[in-house]
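> what shape does this take:
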Amino acid sequence: MPIADDVSRLPYVGQVFSSLDEAFDLYGLYGYSCGFDVRKGTTRKGKYGQIIYQTFVCVREGINPGTNDEHAETQSKTKKRRRKPSTRCDCRANVIMKRRDNGEYYVSVFNEAHNHELISEDCRHFMKYNRKVDSSHQLILLKCAKVNIGLMRAFRLFKELVGGYEYVGCTSNDFKKFSYQMNSYPDGSDAQLLLDRLITNHDLDDQFKVEYLLDECQKVKSIFWSDAIGVQNYNIFGDSVSFDATYTTNRYSMIFVPFTGKDNHGGCVTFAAGLLTREDVHSYSWILKQFVECMGHNPTMLITDQDPALKIAVETVMPDTRHRFCMWHIMMKVALKLPISLRENADLTSRLYEVAWSELDEPSECEEKWLGVINEYGLADNSWFSDMFSKRKYWIPAYFRDLRMSGLFRTTSMSESENSFFRKYLNRNSNLASFYIHFESAMQAQRHSYKQLCMTDQTTTPKLKTHSPIEQHASRIYTTKFFLDVQIEITEAFNRCRIKSMDTAHEDHMYAVDDRSNGVSNVAYNMVADTFTCSCRLFVKKGLVCRHMFVVMHNIGLKAIPEKYILDRWRQNVGAHFISKGQTQASNKPLMSEVFRCIAVADGNEELSTSLIAELKKWADANEPRSLNSANSKERIFQMFYGSKLPTEITIHPPDPVKTKGSGKRLKSTYEKELQKAKKPKRLCRKCGLRVRHDSRNCGKVIEEDSEDE
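The predicted model follows:
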C-alpha cells in the first residue's frame, strides 16, 4: 500500500516516461498519497493515430450539471436520471503529457492546486485507485461461486482473511460487478459449454452417461446425465425411487429432476438427474426412458406427485414398476375437501386417517372401512373423495402390502429433502454451465457425508441393550442408523413378546406370538427351507427382521440372523463413493493448505507476519507475468471457473425462459387464508368497541358477511 506524503512520487515538469500507462500509474500513486482520485481527460491523436497529447485530471474536474438550472431542467425533460450526488466541482488540478518524436512522453504542465478538501487517510481505501479486483479477489470469488456462497458473504469472508475492511482493496459493489461479468461471460454459449463438459466426462469415463434433445432451432429441450457412482448406488439402493421436479434452479427456469433413493444410512442418494423445458407426457417419457436404459432395469416402485402427465409416462415407460402417489399431498387436502360443516369434526378426520394410513388391513378391508366412513357422513357425492377412491391402488398402503420394500417411501419426503439440499447449492440466476458446476459441488458434499458416516460405522460400536448374541451380530453388520431400528425389535422381542401357542405337527412350524403392543402375530418357520414368514410383514415392507421373528429365532436357538434375512442395502460399507475418472481433482489442495498453515502460524506475531509478507511479495513479483493485465486475468479466472475457453463455434443454444407450474406465486386456498387470518392477533375496533380481527373501516361489512354466513 502506498505511503502518504512521499515526495518521490511528486510529478514535475519535464519528467519523462516510456508510456502513458507508466505516467498514469505514477500520477495515480501521487493522488493516492495526497488524497484524491485521478482519471484520464482530453486526448489528441496525431496524423498516424498515435496519442500526442493526454491530460490526467482529478476526478472532481468538470462542472456539476445540477448547478446549471437550465441544463438540469432540459435533462429532466428529455431523460429520466437517477438522483445521485455529483463529484464534479470544477477542480483544475491536472497533468498534461506530450509525446516526443522518439515515442516517449514528458510532463508539459503540472497543476497541483485543488479547490476541494482532500480525502482523509482513514477513508482512502474507498478511492478508486485502491479499489482493484485483483487475482486474490478473483480467486476467492471463484471458490465461493463454486459452492454458491453469495457475494456479501464472500466479501465478509475476505475481510476476515485480510484483517479488516480497509485492507480488502475494493468494495462490495466491485465484487458484484466482477460476479456479474463472470455470470455474463458465457452468455449465449452456456448450453454448449455444459454439453461439451458432459461429453468430455463421457469420453474420460465411458460409464458416465449423457443424453440430450434439441428443438428445430437447435435449442436445448431436455438433458439427462448420470455417472458410474450413481449407477452402482442404484444397483444397491434402487429398489424404490422418488421422483419430483424442482424449480427456480437456473435462469432459464428449466425444471431440475433428480432421481432419489434412500441409502443404508437413511440419507438421500442421487442416482441421476436431468433438466426439462416442459412437464408434458413426451418430456417425462423421454427422461424416464433414459433413466431405465442407463440403469439397466426398472425400479420396483416409483413414488411421485399426482401429475397426470407423469402418471401416463410411468405407465408407458415402466409398465412393470408400481407407481405410487405421495400420501402427504393427498392427506393434507382431506380437511380442505370436506364440507364446511364437517371440517371441525375430529372423529371424521381421525377415522379417515386411520383407514388410509393403516398397513395391516387387506385391500378389501380397507375398501369396506373407507366406504363405511364416506357413507356415514354423506360424502358419497363428493367428487374429490370419489376420485381418490378410484385411484386408491396408487396411494393407500394396503394396496402395496405384497410389494417388497414398500415401507421405504409413502411420501415424496426424500425428494423434498433432496430438493432442500440442492437449493443450498443451486441458484435461480445461474446459467446452464454454472448450474452444473454447482450440481457437482452438491454431489461432492453428498458423497463426502456418506463416506463420513461409513467411517463412523467402521470406528464405533453401538451400545447393546441385551446379552443376546443376535444383537451382537446385528451391531456388526448393520449401519448404525438401521441397527437402532433392529435393536428396538430385539429388545421388544425380549421385553414385550412371548410365544402364546406353537404347532409343530406340519412342515411349517406355526408360532402365535403375543405382542403386548400390537396383539398376536403369526410366524411360520419352515425347517426344510430355513425360512421365516410373519403376518406383520415388516421384512417385506422394510427388509428388517421383526420382533416376532426374533422371538422364534431365539426359541430355536439361533445365535445370528440368517444371511438371507440381511439385505445388502442395510449393510455397512456397501455404497459406491469412489472418485470416477471423469471427475477432476483439486490440483491446488496442498498449496492452499500450506498457505493457510503459514497464515495461522504468523497470525498475531508481527515479526513473523512481516517476514511472511515480504517473502510472499518477493515470490509473487518474481513469478507473476508482467504481461498479465486485468482483462487477461479476468479471462483466465472465467476459464478456470467454467473449465474451458468459450467455444469458437456455437451449435447448441440455451432454451428460451420457460414457464412451468412451479413458476409464479402459488395461489392460497380459502382454507389456508382462513388459517392465516385466525393466526392474526385481535385488536380493538373503534366502531364496534370489540377486540376483533377487523378495524373501523370494514367493521360493518365484516359484521354483515358474518351474519350471512350464520
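> mind listing what the closest residue to Ser120 other than its chain neighbours touches?
Nearest-residue entry for Ser120: Gly35, 6.8 Å, with adjacent residues in sequence omitted and distances by Cβ to Cβ, 6 or more residues apart in numbering. For every residue, glycine as well, the C-beta is placed using N, CA and C. Counting by Cβ atoms under 8 Å, 6 or more residues apart in numbering, Gly35 touches 4, 118-121, 124, 127.
> can you pull the contacts of Arg99?
Neighbours of Arg99 in contact, by Cβ under 8 Å, 6+ apart: 46, 50-53, 105.
> out of these, who's the most crowded?
The member of the contacts of Arg99 surrounded by the most neighbours (other Cβ atoms under 10 Å) is Tyr105, with 21 neighbours in all.
> that one bridge partners, please.
Phe17, Arg99 (DSSP bridges).
> and it, how far is that from Lys98?
Between Tyr105 and Lys98 the distance is 7 Å, computed by Cβ to Cβ, to the nearest Å.
> same check on Glu211?
Glu211 sits at a distance of 65 Å from Lys98 (criterion: Cβ to Cβ).
> so which of the two has more stuff around it?
Under the criterion of other Cβ under 10 Å, the comparison of Glu211 against Lys98 puts Glu211 first, with 19 against 15.
> so which helix or strand takes in that one?
With elements taken from DSSP states H and E, the one containing Glu211 is strand 209-214.
> out of the contacts of Arg99, which one sits closest to Ser283?
Proximity of those to Ser283 was ranked by Cβ to Cβ; the top entry is Ile51 with 58.1 Å.
> and whatever helix or strand Glu22 lives in, what's its mean pLDDT?
When elements are assigned from DSSP H and E, Glu22 belongs to helix 20-34. When pLDDT is averaged over helix 20-34, the result is 87.
> before we move on, what about stretch 622-636?
62.
> got it, and stretch 516-529?
Rounded mean pLDDT across stretch 516-529 is 89.
> CA atoms of it as PDB?
Only the C-alpha atoms of stretch 516-529 are listed here, as PDB (Å, rounded to 0.1, in the frame of the first residue of the first chain):
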ATOM      1  CA  ARG A 516     -48.400 -56.500  24.100                       C
ATOM      2  CA  SER A 517     -48.100 -53.500  21.700                       C
ATOM      3  CA  ASN A 518     -49.800 -54.800  18.600                       C
ATOM      4  CA  GLY A 519     -51.700 -58.000  19.500                       C
ATOM      5  CA  VAL A 520     -50.900 -61.500  18.200                       C
ATOM      6  CA  SER A 521     -48.800 -62.100  15.100                       C
ATOM      7  CA  ASN A 522     -48.400 -65.500  13.400                       C
ATOM      8  CA  VAL A 523     -44.900 -66.700  12.400                       C
ATOM      9  CA  ALA A 524     -44.300 -69.600  10.100                       C
ATOM     10  CA  TYR A 525     -40.900 -71.400  10.300                       C
ATOM     11  CA  ASN A 526     -40.100 -73.900   7.500                       C
ATOM     12  CA  MET A 527     -37.300 -76.200   8.800                       C
ATOM     13  CA  VAL A 528     -36.500 -77.600   5.300                       C
ATOM     14  CA  ALA A 529     -36.100 -74.200   3.500                       C
END
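> so for it, what gets flagged as buried?
Judged by neighbour count using 16 or more other Cβ atoms under 10 Å, the buried positions of stretch 516-529 are 518, 521, 523-525.
> who touches that stretch?
Outside stretch 516-529, the residues touching it (Cβ under 8 Å, 6+ apart) are 492, 496-497, 500, 507-515, 531-536, 546, 548-549, 551-552, 556.
> chain center to that stretch: distance?
46 Å (Cα atoms, centre = their mean, to the nearest Å).
> likewise stretch 425-437?
Here stretch 425-437 is found 9 Å from its chain centre; the criterion is Cα atoms, centre = their mean.
> check stretch 51-67 too.
Between the mean C-alpha location of stretch 51-67 and the chain-wide mean there is a distance of 48 Å, by Cα atoms, centre = their mean.
> tell me which stretches of the stretch 451-600 of the chain form helices.
For the stretch 451-600 of the chain, the helices defined by DSSP state H, counting those that start in this stretch occupy 469-477, 480-495, 538-542, 547-555, 589-602.
> of these, which approaches Ile236 most closely?
Ranking the helices of the stretch 451-600 of the chain by proximity to Ile236 (Cβ to Cβ) places helix 480-495 first, at 13.8 Å.
> can you pull the buried residues of that closest one?
Going by neighbour count (16+ other Cβ under 10 Å), the buried part of helix 480-495 is 480, 482-483, 486-487, 489-494.
> please apply the same query to stretch 184-201.
Of all the residues in stretch 184-201, those buried under the rule 16+ other Cβ under 10 Å are 185-186, 189-198, 201.
> swap in stretch 211-228?
Neighbour count says stretch 211-228 has 211-214, 219-228 buried, by 16+ other Cβ under 10 Å.
> do the same with stretch 687-697
Judged by neighbour count using 16+ other Cβ under 10 Å, the buried positions of stretch 687-697 are 692, 694.
> can you check stretch 276-293 too?
Within stretch 276-293, the residues that qualify as buried by neighbour count (16+ other Cβ under 10 Å) are 276-279, 281, 283-291.
> so where is the chain shaky, pLDDT-wise?
Across the chain, the ranges flagged by pLDDT under 70 are 1-9, 65-83, 577-589, 624-633, 661-672, 674-675, 700-710.
> can we see that at 50?
For the chain, applying pLDDT under 50 flags the ranges 1-5, 580-586, 626-629, 703-710.
> per-domain residue ranges of it.
Residue ranges of the domains in the chain are recorded as 7-126, 131-184, 190-325+409-449, 330-394, 469-570, 590-640, 678-709, according to automatic domain parsing.
> coming back round to it: which of the contacts of stretch 516-529 count as buried?
Neighbour-count burial (16+ other Cβ under 10 Å) applied to these gives 492, 497, 508-509, 511-515, 532, 534, 536, 546, 548-549, 551-552.
> let's see which of those residues end up in strands.
Judged by DSSP state E, the subset of the buried ones among the contacts of stretch 516-529 located in strands is 497, 508-509, 511-515, 532, 534.
> and Phe224, what element?
strand 220-226.
> can you list the strands that that strand pairs with?
When pairs are called by DSSP bridges, strand 220-226 turns out to pair with strand 209-214 (antiparallel), strand 268-276 (antiparallel).
> excluding its backbone neighbours, what's nearest Asp190?
If you skip the residues right next to it in sequence, Asp190 has Asn431 as its closest partner in space, 3.9 Å away by Cβ to Cβ, 6+ apart.
> what's the neighbour count on that neighbour?
Other residues within reach of Asn431, judged by other Cβ under 10 Å, total 25.
> you'd agree it is up against Arg251?
Yes. The criterion here is Cβ atoms under 8 Å, and Asn431 meets it with Arg251 at 6.0 Å.
> now the buried residues of stretch 184-201 as JSON lines including distance to Val168 and secondary structure?
Output for these, formatted as JSON lines (distance: Cβ to Cβ, whole Å; DSSP: H, G, I helix; E, B strand; the rest coil):
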{"residue": "Tyr185", "distance to Val168": "23", "secondary structure": "coil"}
{"residue": "Pro186", "distance to Val168": "28", "secondary structure": "coil"}
{"residue": "Ser189", "distance to Val168": "32", "secondary structure": "coil"}
{"residue": "Asp190", "distance to Val168": "30", "secondary structure": "helix"}
{"residue": "Ala191", "distance to Val168": "35", "secondary structure": "helix"}
{"residue": "Gln192", "distance to Val168": "36", "secondary structure": "helix"}
{"residue": "Leu193", "distance to Val168": "31", "secondary structure": "helix"}
{"residue": "Leu194", "distance to Val168": "33", "secondary structure": "helix"}
{"residue": "Leu195", "distance to Val168": "38", "secondary structure": "helix"}
{"residue": "Asp196", "distance to Val168": "36", "secondary structure": "helix"}
{"residue": "Arg197", "distance to Val168": "33", "secondary structure": "helix"}
{"residue": "Leu198", "distance to Val168": "37", "secondary structure": "helix"}
{"residue": "Asn201", "distance to Val168": "37", "secondary structure": "helix"}
